[in-house]
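J.: Test case, fold it:
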Amino acid sequence: GLLHWLRDWLSLQQNDVRFPYHKPIPLCVLEPACRVAGRHRPVCHCRGGACRLFSGKTDTNHLGDGNHQRTVTAVMSRYKHREKRAMRTLRKTIVRLLLLVIAAAVMAGCVLIGRGYQMYQAALTQQSLESKVEEIQSDPGYTELSGLPEMYLNAVVAVEDHRFEQHFGIDLIAIGRAAWNNLTTWSLREGGSTITQQLAKNMYFTQEKSFIRKVAEMFMAFRLERAYTKEEILELYVNSIYFGDGYYGIGDACEGYLSESPIEMTDYECTLMAGIPNAPSVYSLTANPELAEQRQEYVVQRMVQYG
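T.: Residues are numbered from 1 along each chain as shown. Here you go, the predicted structure:
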């Protein structure tokens, strides 16, 4: 009795196989082929010569031998193989879904670019870029850069497009920031447009917010950057933007709001006028002078920020 108990205890220490994953699932080595009950990792409870799961009259003297260990190892090898195969299948499924999403996004982007390019071409067909520029320059209130205070030009660049001298018509950083803000707010509130893009929109397109129009606006901005210098683009911009109350261009706006020519503007008036085009109906000097003053302070802050 004591010797048998000691032999069984030693077999228990040598051959007890446990796997600490999931809840224990019994594995009885007395069943044919050592079948596993369930789909989880099995835990063998055959402790040496006394199988906890077996209650029949069967010789259990040889349950703790090498055959027992080989059976458990074979079962676990098959289980691990199935587990690896399932993980590979899951990874392949995830990769395929990601590729499908990327392919759909690329296709949608191609369609968007194509339709935007068609809108751009249609706009140039109706009126060439050179003809449109001549139309703006022929306005009686047109003011050349030499007739504008340096303070006003610096204020416009600081508040509207502080990377105006560095980009090639579009500002990728501004577009990325606007895209993120629009995504988080689920809106098209920000556009990230440069001065060149705003000029293209003022010349050819409506104020309607759409992705197709945005793409057409980008193509037109590229065309403007190729055809004109930065100084010419800035001059066209300040002479075509809307200031509210029916005033288009800085010349008409100064005459209407300030009763003076642009070159006579003070530093305060320069920063005040630079802030109006962002939202003319909101910052109009006749409708909301208090809001216009708040906008003027913001313009000054931007000038300090960007030097």
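J.: only C-alpha atoms for contact and neighbour calcs from this point on.
T.: Noted.
J.: where in the stretch 51-200 of the chain is pLDDT low?
T.: Scanning the stretch 51-200 of the chain for pLDDT under 70 picks out 51-80, 182, 186-191.
J.: So for the chain, which residue is the most central one in space?
T.: Nearest to the mean C-alpha position of the chain, by CA atoms, centre = their mean, lies Trp180 at 5.1 Å.
J.: wait, isn't Gln277 in contact with Ile241?
T.: Slight slip there: residue 277 is Pro, not Gln. Yes. Between Pro277 and Ile241 there is a contact at 6.6 Å, judged by CA atoms under 8 Å.
J.: Could you count how many residues lie near Ile250?
T.: Look at Ile250: counted by other CA atoms under 10 Å, it has 26 neighbours.
J.: whoops, I mixed them up, Ile241
T.: Ile241 has 22 nearby residues by other CA under 10 Å.
J.: Local confidence estimate at it?
T.: With respect to pLDDT, Ile241 has a value of 95.
J.: likewise Cys44?
T.: 44.
J.: any idea which helix or strand carries the residue nearest to the centre of the chain?
T.: helix 172-185 (DSSP states H and E).
J.: From Glu208, how far off is the residue nearest to the centre of the chain?
T.: Distance of Trp180 to Glu208, computed by CA to CA, to the nearest Å: 20 Å.
J.: cool, Tyr142 as well?
T.: 26 Å.
J.: Of those two, give the one with the bigger neighbour count.
T.: Applying other CA under 10 Å to Tyr142 and Glu208 shows that Tyr142 carries more neighbours, namely 20 against 9.
J.: Off-centre distance for the lengthiest helix in the chain?
T.: If you go by DSSP state H, the chain has its longest helix at helix 66-126. Relative to the chain's own centre, helix 66-126 is displaced by 20 Å; criterion: CA atoms, centre = their mean, to the nearest Å.
J.: which residues of the chain fall in strands?
T.: Assigned by DSSP state E, the chain shows strands spanning 25-27, 42-44, 46-47, 50-51.
J.: Point out the other helices and strands that the longest helix of the chain packs with.
T.: helix 211-227 (3 or more CA pairs under 8 Å, 6 or more residues apart in numbering; DSSP states H and E).
J.: Please export the C-alpha coordinates of the helix it packs on as CSV.
T.: Coordinates of each C-alpha in helix 211-227 appear next as CSV, following Å, rounded to 0.1, in the frame of the first residue of the first chain:
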residue,chain,number,x,y,z
PHE,A,211,-15.2,68.3,-52.9
ILE,A,212,-15.5,68.5,-56.7
ARG,A,213,-15.4,72.3,-56.7
LYS,A,214,-12.4,72.0,-54.3
VAL,A,215,-10.5,69.8,-56.7
ALA,A,216,-11.3,72.2,-59.6
GLU,A,217,-10.1,75.1,-57.5
MET,A,218,-6.8,73.3,-56.9
PHE,A,219,-6.2,72.8,-60.6
MET,A,220,-6.9,76.5,-61.2
ALA,A,221,-4.5,77.4,-58.4
PHE,A,222,-1.8,75.4,-60.1
ARG,A,223,-2.5,77.2,-63.3
LEU,A,224,-2.3,80.6,-61.6
GLU,A,225,1.0,79.7,-59.9
ARG,A,226,2.5,78.7,-63.3
ALA,A,227,1.3,81.8,-65.1
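J.: tell me the angle that helix makes with helix 66-126.
T.: Angle of helix 211-227 versus helix 66-126, following axes from the mean of the first three to the mean of the last three CA atoms, to 10 degrees, is 60 degrees.
J.: Averaged pLDDT, helix 211-227. What do you get?
T.: 94.
J.: name the helices or strands packed onto that helix?
T.: helix 66-126, helix 195-204.
J.: And the nearest residue to Glu231 once chain neighbours are set aside, how far from Tyr237?
T.: Closest residue to Glu231 apart from its sequence neighbours, by CA to CA, 6 or more residues apart in numbering: Leu145 at 7.8 Å. Distance of Leu145 to Tyr237, given as CA to CA: 11 Å.
J.: who has more neighbours, these two?
T.: With neighbours defined as other CA under 10 Å, Leu145 and Tyr237 compare such that Tyr237 has more, 23 against 17.
J.: Chain neighbours aside, what residue packs nearest to that one?
T.: Leu199 is the one closest to Tyr237 (CA to CA, 6+ apart), at 5.3 Å.
J.: hang on, isn't that neighbour packed against Glu232?
T.: No. Under the criterion of CA under 8 Å, Leu199 is not in contact with Glu232, lying 11.1 Å apart.
J.: So for the two, which residue has more residues nearby?
T.: Neighbour tally, Leu199 and Glu232, criterion other CA under 10 Å: the higher count belongs to Leu199, 24 against 14.
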